[in-house]
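Chemist: here is a sequence together with a model predicted from it:
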Amino acid sequence: MRTYFSGSAGLLWLICFSLCTGLSSSATDVTTYHNDIARTGHNLRETILTTGNVKSSSFGKLFTFPVDGIIDAQPLYLSAVSIPGKGTRNVVYTVTENDSVYAFDADTGARLWHVSALRSGESPSDDHSCGQISPQIGITSTPVIDRSSGPHGTIYVVATSKNSTNYFQRIHALDMTTGAEEFGGPVPVKARYPGTGDNSHHGYVIFDPAQYAERQGLLLLNHVIYTAWTSHCDFRPYTGWLIGYNESTLAQTSVLNVTPNGSEGSIWQSGSGIASDGQNLFFLDANGTFETTLNKKGFPSKGDYGNGFLKVSTTNNTLRVADYFNMFDTVSESNSDEDLGSGGAVVLPAMKDANGKIRYLAIGAGKDQNIYIVDRNNMGKFNPNNDNAIYQEIDEVLLGGEWATSAYFNGKIYFGPVGNNLLQFQFSKARLSTSPHSKSAASFTYPGTTPSVSANGSNNGIVWAIEHSDPNDILHAYDAANLGNELYNSNQAGNQRDQFGTASHFGTPIIVDGKVYVGTTTNVTVFGLLRH
């Protein structure tokens, strides 16, 4: 295992994550949810936007990219893409719930290409009488891009659709320069797994495409695209599916069900992508069956891990739960719908503790208002009496609960709980402060906020966050060193100059090459330095 260090050396860690996994050939590319497979949410190569020039007199809304439906996914960005007949462009990619995929010129807003994931006679799915993704379900999850895949690079997308009789889930591999289908795609999502849980037949639980949505961002790891599946509200039958596909052939490589002999336990994480340390997967599972009877190794005897913080090994393209943590009161939390699954996990850079020992940690939080920090080599498993085996737990510090994902930068972690301020916590000697070091003046209504960070190495750190507000949502920019210092918000200029309507439900801004891109219900809105 490599050793990565926090602080200014975090830049080297980000580069390693990008290059070692084949996700990016450019330091300014954003090819996956929250910037990297660790899901840190930071771009450490932002040299244009600074704490000095991000202010309403010099920064604001530039233009928009109109689209044909709601954008629930985070936009992605590639620099210097050769587009046939249109030259070399910086490109923003976005997807909609109308089953569309778009490529736009990131600097002018010109549409470069647009394709539909629908087949003849199909439409986007209805919302199954569930308001979580509504009024239609098409492409919900953040895609992932590999510039080295195929002849020109490939963007991978999961799309939902229906015809008069059936629902479909399909994996699409699209040429990133034209949108053309590659590798014989798309391929339908089909799976079964040994078990007797919900929707099981003849000793196997069966994946029913009508019962699921792919909400969490796609993960590309070692040439495999990992998908994970959530329910429509809590409408049973459903279980917790994790399915991998070969990025070059779209052949299914592996299947894991984390509640195969029970029910529920979906993976949604408010749109966050599954995190990885380069070998293993880390995520927070939603309310569902947890088998409290443990085997000799401390694992649930029936393989049911509902409401857990899970580590899944990908060795030899085989998915298996390698370690986990469940709270002592996990069953009662699931029963009252106070699960971890509303939040996303972040893999942290290695840190030295007070004794000089290198610690490999991951962090996550959900509805129960607690922060959970696990040792990735010994997560703590389950004790019905207490949580003493976990590396660190900070109780009731995220009042309102977490329906989002934190961001990490320069030894600090940022959380945006529901109905609470944006909060900054500080790591010292591999331990997290038990109370915030700073917080925003603004509070963030449901679903809280997923922050993103831009910086030039360890300098000019800016935390960006979207506040849901009626009638117009608000983009905020804060000094990363002190959230009490707000640099900018999109209401400051007045005269509706920077207002942008309604952001995505779990909207996550990306910041790259001097611009901020925000997905909304009708467009991608672009912010940057104003010309005077």
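Modeler: Cool, got the structure.

Chemist: find the residue at the geometric middle of the protein.
Modeler: The centre of the chain sits closest to Ser272, judged by Cα atoms, centre = their mean, with a distance of 2.0 Å.

Chemist: spatially nearest residue to that one (excluding sequence neighbours)?
Modeler: Spatial nearest neighbour of Ser272, chain neighbours left out: Gly344 (2.6 Å); criterion: Cβ to Cβ, 6 or more residues apart in numbering. Using the backbone N, CA and C atoms, a C-beta is placed for each residue, glycine as well.

Chemist: please apply the same query to Gly271.
Modeler: Leaving aside its chain neighbours, Gly271 sits nearest to Phe506 (4.0 Å; criterion: Cβ to Cβ, 6+ apart).

Chemist: what's the pLDDT at that neighbour?
Modeler: Looking at Phe506, its pLDDT is 85.

Chemist: do Gly494 as well
Modeler: 85.

Chemist: numbering from 765 from now on, please.
Modeler: Sure thing, new numbering starts at 765, so read that last one as Gly1258.

Chemist: picking that back up, quick one: the residue nearest to Ser1036 from Thr1169, how far?
Modeler: Note on Gly1108: its distance to Thr1169, by Cβ to Cβ, to the nearest Å, is 3 Å.

Chemist: kindly report the same for Pro1273.
Modeler: Taking Cβ to Cβ, one finds Pro1273 at 13 Å from Thr1169.

Chemist: and these two? Which one has more around it.
Modeler: Thr1169 (35 against 26; other Cβ atoms under 10 Å).

Chemist: who's in contact with the more buried one?
Modeler: Neighbour list for Thr1169: 798, 803, 805, 1033-1034, 1036, 1107-1110, 1214, 1272 [criterion: Cβ atoms under 8 Å, 6 or more residues apart in numbering].

Chemist: report the buried residues of stretch 935-955.
Modeler: 935-943, 946-947, 949-951, 953, 955 (16 or more other Cβ atoms under 10 Å).

Chemist: list the contacts of Lys1176.
Modeler: Contacts of Lys1176 (Cβ under 8 Å, 6+ apart): 1188-1191, 1201, 1244.

Chemist: now, which of those residues sits nearest Pro1148?
Modeler: Phe1189 (28.8 Å; Cβ to Cβ).

Chemist: buried residues, the helix or strand harbouring that closest one. List them.
Modeler: Element membership for Phe1189, per DSSP states H and E: strand 1184-1192. Going by neighbour count (16+ other Cβ under 10 Å), the buried part of strand 1184-1192 is 1184-1189, 1191.

Chemist: before we move on, what about stretch 857-866?
Modeler: The neighbour-count check on stretch 857-866 (16+ other Cβ under 10 Å) flags 857-866 as buried.

Chemist: one more: stretch 1283-1296?
Modeler: 1283-1294.

Chemist: okay if I get those residues as CSV plus secondary structure?
Modeler: Shown next, in CSV, are the buried residues of stretch 1283-1296 (DSSP: H, G, I helix; E, B strand; the rest coil):
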residue, secondary structure
Gly1283, strand
Thr1284, strand
Thr1285, coil
Thr1286, coil
Asn1287, strand
Val1288, strand
Thr1289, strand
Val1290, strand
Phe1291, strand
Gly1292, strand
Leu1293, strand
Leu1294, coil
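
Chemist: pull the most distant pair out of these.
Modeler: It's Thr1285 and Leu1293 that sit farthest apart of those, by Cβ to Cβ, at 25.9 Å.

Chemist: for the stretch 1115-1264 of the chain, just list every one of the strands.
Modeler: According to DSSP state E, counting those that start in this stretch, the stretch 1115-1264 of the chain carries its strands in the segments 1115-1116, 1122-1123, 1125-1129, 1135-1139, 1156-1158, 1171-1173, 1176-1179, 1184-1192, 1195-1196, 1202-1208, 1216-1220, 1223-1231, 1238-1243, 1246-1253.

Chemist: and of those strands, who's closest to Val1085?
Modeler: strand 1135-1139 (13.6 Å).

Chemist: export only the CA atoms of stretch 1215-1235, formatted as PDB.
Modeler: C-alpha atoms of stretch 1215-1235 as PDB (Å, rounded to 0.1, in the frame of the first residue of the first chain):
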ATOM      1  CA  PRO A1215     -19.200  21.000  -0.900                       C
ATOM      2  CA  SER A1216     -16.400  21.100  -3.400                       C
ATOM      3  CA  VAL A1217     -13.000  22.700  -3.000                       C
ATOM      4  CA  SER A1218     -10.700  24.500  -5.400                       C
ATOM      5  CA  ALA A1219      -7.100  25.400  -4.600                       C
ATOM      6  CA  ASN A1220      -3.600  25.900  -6.100                       C
ATOM      7  CA  GLY A1221      -1.800  23.200  -4.100                       C
ATOM      8  CA  SER A1222      -2.400  24.200  -0.500                       C
ATOM      9  CA  ASN A1223      -3.000  27.900  -1.400                       C
ATOM     10  CA  ASN A1224      -6.100  29.900  -2.300                       C
ATOM     11  CA  GLY A1225      -8.400  27.200  -0.900                       C
ATOM     12  CA  ILE A1226     -12.100  28.000  -1.700                       C
ATOM     13  CA  VAL A1227     -15.100  25.900  -0.500                       C
ATOM     14  CA  TRP A1228     -18.100  26.000  -2.900                       C
ATOM     15  CA  ALA A1229     -21.600  25.000  -1.800                       C
ATOM     16  CA  ILE A1230     -25.100  25.200  -3.200                       C
ATOM     17  CA  GLU A1231     -27.900  26.300  -0.900                       C
ATOM     18  CA  HIS A1232     -31.400  25.300  -1.900                       C
ATOM     19  CA  SER A1233     -33.600  28.300  -1.500                       C
ATOM     20  CA  ASP A1234     -37.000  29.500  -2.900                       C
ATOM     21  CA  PRO A1235     -37.300  30.800  -5.600                       C
END
